[in-house]
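K.L.:
Predicted model, plus sequence, below.
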Amino acid sequence: MASDRSRPYEDLTPDAVLDALESIGLRGDGRLLALNSYENRVYQASLEDDSYVVAKFYRPERWSDAQILEEHAFGAELAEREIPVVAPTAVGGRTLHEYAGYRFAVYPRRGGRPPELEDEAVLEWIGRFLGRIHAVGATRPFKVRPVLNPGTFGAEPRAWLLASGMIPEDLENTWVTTVDLALRGVETRFAQIGAKAIRLHGDCHAGNILWTHDGPHFVDLDDARMGPAVQDLWMLLAGDRETATRQLKALLDGYRQFHDFASEELALVEPLRTLRLLHYSYWLARRWDDPAFPAAFPWFGTQRYWQDRILELREQTSAMDDEPLSA
């Protein structure tokens, strides 16, 4: 049922969501709220006992069962150490379930608001918990989840995009030349730094941190993978260099209370940004047959889009030659 790549969620109707929950003993009262997610489908469901759960239906064929279960185990490992990560709930002794061809997991509902990243006290608080996450993540590697490196986030997206036919013919040579120059810079920085890869949140931006009066909690470990520690820090920095330096100092003041941070990894901030920009084009292109994507990203694939990406990567190539941030 869920095998059609072009319309992977066509059969995931509200009734199917409720039936999936009922199949594991969770009886909904009919109220569903679709939450913001493009990669997966996520719903808040109200149950007959007046409680709420969040059900995440995984995109078919993206992850293997083993990879999903490894993510779940990492979340449970963090939660057991009282680190505020929202981990899946075990129902009937299992965290991964299947119904009508869809794999899904159930989470407790956790509210919150976006963190105020201009507040240095907030950043220090987030940094303390990131340090604790990485202290656990560094104890052993993932066995089946992927690694973030210039190959997986650079060379592979480049090859796929080039073969896809989605890049306008008149821009293809310029795009290839620009990407290759940027990736040489990325590979050089990675080789120079030789950063240790640890288990990461992987997609630690402000949208995946919810703030309450008790502090932050981290959601959505769907992109958890091996990689350098700085990957979970740099997306929380914004603004000009002076602002980013101040933010970084606050984050690391908290982080270093619980885990060492190798300052040389700061030289990977711009290379990691470069990889993310290239990978984002790849992600959109790979999902373009899903009707949700053209509706949400109508500007993707236009002549102007690819021209802007070429300019962006040229700027990143220059940025990688700048002096790294320090804190």
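P.N.:
Looks like it arrived, so ask away. Numbers count the residues shown, from 1 in each chain.
K.L.:
Can you tell me what sits against stretch 253-272?
P.N.:
123-132, 134-135, 138, 148, 150, 185-186, 189-190, 192-193, 195-196, 228-231, 233-234, 237, 248, 252, 316, 319-320, 322, 324-327 (CB atoms under 8 Å, 6 or more residues apart in numbering). Where you see a C-beta, it was placed from the backbone N, CA and C, and this is true even at glycine.
K.L.:
scratch that, stretch 98-110 is what I was asking about
P.N.:
Counting by CB under 8 Å, 6+ apart, 1-3, 11-12, 16, 19-21, 23-24, 26, 44, 52-58, 60, 65, 68, 72, 86-89, 91, 95-97, 210, 217, 219 sit against stretch 98-110.
K.L.:
what do you get if the cut-off is 6 Å, keeping everything else the same?
P.N.:
Contact with stretch 98-110 is made by 1-2, 20, 23, 52-58, 86, 88-89, 91, 95-97, 217, as judged by CB atoms under 6 Å, 6 or more residues apart in numbering.
K.L.:
likewise stretch 280-297?
P.N.:
The contact list for stretch 280-297 (CB under 6 Å, 6+ apart) reads 6, 38, 157, 160-161, 164, 166, 300.
K.L.:
buried sites along stretch 28-47?
P.N.:
For stretch 28-47, burial by neighbour count (16 or more other CB atoms under 10 Å) applies to 28, 32, 39-43, 45-46.
K.L.:
what's the model's confidence in that stretch, averaged?
P.N.:
Per-residue pLDDT over stretch 28-47 has a mean of 95.
K.L.:
Over to stretch 265-276?
P.N.:
In this model, stretch 265-276 carries a mean pLDDT of 98.
K.L.:
now the contacts of stretch 280-297: which count as buried?
P.N.:
Among the contacts of stretch 280-297, those classed as buried by 16+ other CB under 10 Å are 157, 161, 166, 300.
K.L.:
Which of the residues you listed fall within helices?
P.N.:
Mapping the buried ones among the contacts of stretch 280-297 onto helices (DSSP state H) picks out 157, 161.
K.L.:
about what we covered before: so which of the buried residues of stretch 28-47 comes closest to residue 112?
P.N.:
residue 42 (15.3 Å; CB to CB).
K.L.:
And the helix or strand harbouring residue 73, what's buried?
P.N.:
In the assignment (DSSP states H and E), residue 73 maps to helix 65-80. Using 16+ other CB under 10 Å as the test for burial, helix 65-80 gives 67-72, 74-75, 77-78.
K.L.:
Nearest to residue 178 among the residues you listed?
P.N.:
Using CB to CB, residue 67 comes nearest to residue 178 of the buried residues of helix 65-80, at 32.3 Å.
K.L.:
is it true that the closest one touches residue 144?
P.N.:
Yes - counting by CB atoms under 6 Å, residue 144 is a contact partner of residue 67 at 5.2 Å.
K.L.:
residues near the closest residue to residue 303 other than its chain neighbours, how many?
P.N.:
Nearest non-adjacent residue to residue 303, counting by CB to CB, 6 or more residues apart in numbering: residue 168, 5.6 Å away. Neighbours of residue 168 under the rule other CB atoms under 10 Å: 15.
K.L.:
same question, residue 169
P.N.:
For residue 169, the neighbour count with other CB under 10 Å is 7.
K.L.:
separation between it and residue 178?
P.N.:
Remark: distance between residue 169 and residue 178 (CB to CB, to the nearest Å) = 16 Å.
K.L.:
all strands of the stretch 151-300 of the chain, in order?
P.N.:
Secondary structure of the stretch 151-300 of the chain by DSSP state E, counting those that start in this stretch: the strands cover 198-200, 209-212, 215-218, 225-227.
K.L.:
Please identify the most buried of those strands.
P.N.:
Mean neighbour count (mean count of other CB atoms under 10 Å) peaks for strand 198-200 among these, with a mean of 25.
K.L.:
by contact count, what packs against that strand?
P.N.:
Taking 3 or more CB pairs under 6 Å, 6 or more residues apart in numbering; DSSP states H and E as contact, there are no helices or strands that strand 198-200 lies on.
K.L.:
Show residues contacting that strand.
P.N.:
Strand 198-200 is contacted from outside by 137-138, 142, 227, 231-232, using CB under 6 Å, 6+ apart.
K.L.:
rerun at 10 Å
P.N.:
Strand 198-200 is contacted from outside by 70-71, 74, 77-78, 130, 133-142, 145, 147-148, 221, 223-232, 259, using CB atoms under 10 Å, 6 or more residues apart in numbering.
K.L.:
partners of it, with directions?
P.N.:
strand 225-227 (antiparallel) (DSSP bridges).
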